[in-house]
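Asks: Sequence and predicted model, in that order:
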Amino acid sequence: MERVIATESGLVGGRRGRGRSISWRGIPFAAPPLGDKRFRAPQPPEAWRGVRECDSFGDALIQEKYLTLTTPLKLQPMSEDCLTLNVFSPDSVPSAPRPVMVFVHGGGFLMGMAATPIYDGTHLARNQDVVVVTIQYRFGPFGFLDVTEYADPEHPFETNLGLRDQIAALEWVQRNIAAFGGDADNVTVFGESAGGSSVLALLAVPAAKGLFAAAIAESPAPELVVEQDTARIIADEFLRLLDDPFRAPGAPHDGHPFPARQARRLLSRASGHAIHQAGKKLMDYSMKVDVGVFLPMAPIIGDDILPQSPLQAARAGVTHPIPLVVGNNREEGALFARFFDLTPAVEKTVHKLAGTAGGEAIRAVYGEEKADKSRLSGDFLFWGPTSVFVDGHSAVAPTYHYRYDYVTRLLKASGFGATHTTEMLAVFGSLKTYVAGFLAIADWRSVSRLVAEVQGRWGGFARHRDPGSDWPAYTTADRRVLIIDDPSRVDTDPDARRREVWQRLHSTELSG
């Protein structure tokens, strides 16, 4: 392909890589969200003259430094000017436009960046003859804080900025990807963890209609959403924390709403670092004060972007009727049991159900051993609500459900098993690179088969909606699920007793 490509904003120069690949990194898809664009919907990118050399990733959004490591000794620069994307392609002119796969990174809506090494799209693009796009978006207080209550005609604010950024990136793809050899009519959006949750949210976002033709959601947490009323309580506490860096999260105050004029001044003048620090304290606030959510910043339901939650939309049969691949990893909770304990949030929920039929049902299928509690945490956040979404969406479009069971000997020995995020190493082929190749020690042939299978299924689905003739579409009549392993197999309604518990609980909650 030509190294220099013409986009709507100007010329971009790419870099050729190993194995006949080419990439363009750090392309702005929106204007920097700085100054009066902070806490605003993304604006069109600014044009430039000459060739913009896109040979390195754009800045990560402000977060904890250690989360921006790209090598053991290198950190990715951080700033609020983070709305960039990256394009990976085989270095050849296609005979026909290539399918496009747009990736949304994870991070619990609190962290993450496209420069994370396991998200390198080179291997997937080359092996599947597709164009891979990885995007960045605002998260944490920069992307999921509702400060609209403090707006005035001269200082407007919008909600769900992170989702709006994702929509803006998909719109950029529609307008520009043909120049990179991609087919704008054949775009698959895919993501993992918070990125998978974003994919399910986009299926319920009216403004996302027509921006993609297929979707893949890996390990989504569909209930990571915040009601508008709760979001306003969180915004009030955020402003108090931003105003007083020494304030203890949840400390008593005079009971009056935070002054709107003072709020606007703080929101416009505070440094990005101060906004990040106040956002960090909101985690302590949500643990200390029961506001109904344990992650205080996530997609906000009830506005013009996300009128209802993804689960509500799926239950009502109003998600976009787009083919979907969706699934979870067998031991989702093992990672969090080691690094981020979900037990308090889970126990709080179970305690609310104590003495009810729901509480009794949970106790009937989960024991008291450490492994049982880990499984309960993973099911509570990921698999339980996902199974509800799958039932709803499968009624409006072909839906392929999976469970990822594969583990290398090293992962098994570490006690993690097939935990959260491990499937990403297969999707992007990272298990066959120096980045994560150590995890494949003693399993090289098995890993090679797994990477080829997973990439082939994801690529086949992106190309013509076929993830493999041995993988039947899911229906509530038979509940057939692909168990991804070496070898893979199709199972009928695996873990049925646990699924029935969560579906009854969520059915009651959604009805209420």
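Replies: Nice, thanks for sending it over.
Asks: Look at Asp290 and say how many residues are nearby.
Replies: A count of neighbours around Asp290, defined by other C-beta atoms under 10 Å, yields 10. Placement of C-beta: from N, CA and C, glycine included.
Asks: Mind pulling up the pLDDT for it?
Replies: Here the pLDDT value assigned to Asp290 is 82.
Asks: For Arg489, report the pLDDT, please.
Replies: On pLDDT, Arg489 comes in at 98.
Asks: gap between it and Ala496?
Replies: 16 Å (C-beta to C-beta, to the nearest Å).
Asks: same check, this time on Gly378
Replies: Gly378 sits 17 Å away from Ala496 when distances are taken as C-beta to C-beta.
Asks: the more surrounded of these two?
Replies: The neighbour comparison of Gly378 against Ala496 (other C-beta under 10 Å) goes to Gly378, with 27 against 10.
Asks: My read is that the more buried one contacts Val346, right?
Replies: No. Under the criterion of C-beta atoms under 8 Å, Gly378 is not in contact with Val346, lying 9.7 Å apart.
Asks: and after the host helix or strand of Asp491, which helix or strand comes next?
Replies: Under the criterion DSSP states H and E, the helix or strand holding Asp491 is strand 489-492. Toward the C-terminal end, the helix or strand that comes next after strand 489-492 (DSSP H and E) is helix 496-511.
Asks: And Asp470, its phi and psi?
Replies: The phi/psi pair for Asp470 (degrees, to the nearest 10) reads phi -90, psi 0.
Asks: ok, now Ser197?
Replies: Main-chain dihedrals, Ser197, degrees, to the nearest 10: phi -60, psi -40.
Asks: Against Ser56, how distant is the residue nearest to it when sequence neighbours are not counted?
Replies: Spatial nearest neighbour of Ser197, excluding adjacent residues (C-beta to C-beta, 6 or more residues apart in numbering): Pro220 at 4.5 Å. For Pro220, the distance to Ser56 (C-beta to C-beta) stands at 30 Å.
Asks: Of the two, which one has the most company?
Replies: Per other C-beta under 10 Å, whichever of Pro220 and Ser56 has more neighbours is Pro220, with 29 against 12.
Asks: OK, contacts around Arg232?
Replies: Counting by C-beta atoms under 8 Å, 6 or more residues apart in numbering, Arg232 touches Asp146, Glu149.
Asks: try the one 10 residues further on
Replies: When contacts are counted by C-beta under 8 Å, 6+ apart, Leu242 touches Leu266, Ala270, Ala274, Ile275, Ala278.
Asks: Just the element for Lys373, please.
Replies: Element membership of Lys373, judged by DSSP H and E, is helix 370-378.
Asks: ok, now Tyr400?
Replies: Secondary structure here is read from DSSP H and E; on that basis Tyr400 sits in strand 399-404.
Asks: ok, residues contacting the very next helix or strand once past that strand?
Replies: Toward the C-terminal end, the helix or strand that comes next after strand 399-404 (DSSP H and E) is helix 409-414. For helix 409-414, the surrounding residues in contact (C-beta under 8 Å, 6+ apart) are Gly417, Ala418, Thr419, Thr422, Phe438, Leu439, Ala440, Ile441, Ala442, Asp443.
Asks: For helix 409-414, give the mean pLDDT please.
Replies: This predicted structure assigns helix 409-414 an average pLDDT of 89.
Asks: Count the residues that sit near the nearest residue to Arg25 once chain neighbours are set aside.
Replies: Counting by C-beta to C-beta, 6+ apart, Arg25 lies nearest to Asn86, which is 4.5 Å off, once chain neighbours are set aside. By the criterion of other C-beta under 10 Å, Asn86 has 24 neighbours.
Asks: Can you check my assumption that Asn86 lies in a strand?
Replies: Yes. With the criterion set as DSSP: H, G, I helix; E, B strand; the rest coil, the secondary structure at Asn86 is a strand.
Asks: about what we covered before: Glu149: which of the contacts of helix 409-414 is nearest?
Replies: In terms of C-beta to C-beta, no member of the contacts of helix 409-414 lies closer to Glu149 than Thr419, at 39.4 Å.
Asks: pretty sure that closest one is touching Asn328, no?
Replies: No. Using C-beta under 8 Å, Thr419 makes no contact with Asn328, being 10.6 Å away.
Asks: And the strands in the stretch 51-200 of the chain?
Replies: In the stretch 51-200 of the chain, the segments counted as strands under DSSP state E, counting those that start in this stretch are 51-53, 69-71, 74-75, 84-90, 98-104, 131-135, 182-192.
Asks: just flag whichever of those has the lowest average confidence.
Replies: Ranked on mean pLDDT, the bottom entry among those is strand 69-71, at a mean of 92.
Asks: Packing partners of that one?
Replies: Using 3 or more C-beta pairs under 8 Å, 6 or more residues apart in numbering; DSSP states H and E as the contact criterion, strand 69-71 has no neighbours among helices and strands.
Asks: which residues sit against that strand?
Replies: Contacts of strand 69-71 with the rest of the structure, by C-beta under 8 Å, 6+ apart, involve Leu75, Gln76, Ala115, Thr116, Pro117.
Asks: hmm, try it at 7 Å
Replies: By C-beta atoms under 7 Å, 6 or more residues apart in numbering, the surrounding residues in contact with strand 69-71 are Leu75, Gln76, Ala115, Pro117.
Asks: same check, this time on stretch 455-465
Replies: The set of residues external to stretch 455-465 that reach it, using C-beta under 7 Å, 6+ apart, is 99, 101, 124, 127-128, 130, 188, 214, 216, 323, 325, 398, 427, 429, 466-468, 471.
Asks: Stretch 87-95 too?
Replies: Stretch 87-95 is contacted by residues 1, 16, 20-24, 27, 121-122, 125-126, 129, 131-133, 180-181 when judged by C-beta under 7 Å, 6+ apart.
Asks: Beyond the helix holding Lys373, next helix or strand please.
Replies: Moving toward the C-terminus from helix 370-378, the next helix or strand (DSSP H and E) is helix 384-393.
Asks: Determine the angle, from 0 to 180 degrees, between that next one and helix 496-511.
Replies: Calculated by axes from the mean of the first three to the mean of the last three C-alpha atoms, to 10 degrees, helix 384-393 forms an angle of 70 degrees with helix 496-511.
Asks: Quick check: the gap between Glu369 and Ala337.
Replies: 12 Å.
Asks: what's the domain layout of the protein?
Replies: Taking automatic domain parsing as the reference, the chain has its domains at 1-322, 323-511.
Asks: mean pLDDT for these: which is lowest?
Replies: The minimum mean pLDDT among the domains of the chain belongs to domain 323-511 (a mean of 87).
Asks: Kind regards, and thank you for your time.
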